[in-house]
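Colleague: please find the sequence and the predicted model below.
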Amino acid sequence: MCLLYRFEYDQRLGIAIPDLDQEWHRIDKSTQEEILSQWEEIRGDIPDRVKQLEEKINQKQKALFNEDNFKKSCEINTEISELASTINDLWLWFRAQNEISTKSHH
């Protein structure tokens, strides 16, 4: 029996995301239910992960406020942007509850 799906840990997002070997509509209903059940468990961790990233953003904003070095300020701004982008991607995954896309969000 070939594996139709797996959940791969995404280091950037801090969660496992689905990796489907077939298009969603080609997967039998039983397997779809199994995937969705596993996804719901993972999906439940997303708000906590977002909160962790928001705390990091807040820390970096405080550091930015006190930073006088322009180059370092730019680095901190870039880090804040990357964290905000990760939060955005997490919310996209959070909304992907009824149908899991085969698109990669890397």
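Modeller: That came in fine, so what should we check first? Since this is a predicted model, take the numbers as computed values, not measurements.
Colleague: now residue 82: how far from residue 76?
Modeller: Distance, residue 82 to residue 76, using Cβ to Cβ, to the nearest Å: 11 Å. Backbone N, C-alpha and C define where each C-beta goes, glycine included.
Colleague: of the two, who's got more company?
Modeller: Applying other Cβ atoms under 10 Å to residue 82 and residue 76 shows that residue 76 carries more neighbours, namely 19 against 13.
Colleague: now name the helix or strand holding the more buried one.
Modeller: Per DSSP states H and E: residue 76 is located in helix 70-95.
Colleague: check which residues of that helix are buried.
Modeller: By 16 or more other Cβ atoms under 10 Å, the buried positions in helix 70-95 come out as 76, 80, 83, 86, 87, 89, 90, 93, 94.
Colleague: could you dump those residues to a markdown table with pLDDT and distance to residue 57?
Modeller: Formatted as a markdown table, the buried residues of helix 70-95 follow (pLDDT from 0 to 100; distance: Cβ to Cβ, whole Å):
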| residue | pLDDT | distance to residue 57 |
| --- | --- | --- |
| 76 | 98 | 10 |
| 80 | 98 | 6 |
| 83 | 98 | 5 |
| 86 | 98 | 10 |
| 87 | 98 | 8 |
| 89 | 96 | 14 |
| 90 | 97 | 13 |
| 93 | 93 | 19 |
| 94 | 92 | 18 |
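Colleague: helix/strand/coil for residue 19?
Modeller: What DSSP: H, G, I helix; E, B strand; the rest coil gives for residue 19 is strand.
Colleague: so that it lines up with my notes, have the first residue be 39 from now on.
Modeller: Right, with 39 as the first residue, what we last looked at is residue 57.
Colleague: ok, now which ones touch it?
Modeller: 43, 44, 45, 46 (Cβ atoms under 8 Å, 6 or more residues apart in numbering).
Colleague: for the third one, what are phi and psi?
Modeller: Main-chain dihedrals, residue 45, degrees, to the nearest 10: phi -110, psi 120.
Colleague: show me what the closest residue to it other than its chain neighbours is bridged to.
Modeller: Sequence neighbours aside, residue 54 is the residue nearest to residue 45 in space, at 3.9 Å (criterion: Cβ to Cβ, 6 or more residues apart in numbering). Using DSSP bridges, the bridge partners assigned to residue 54 are residue 47.
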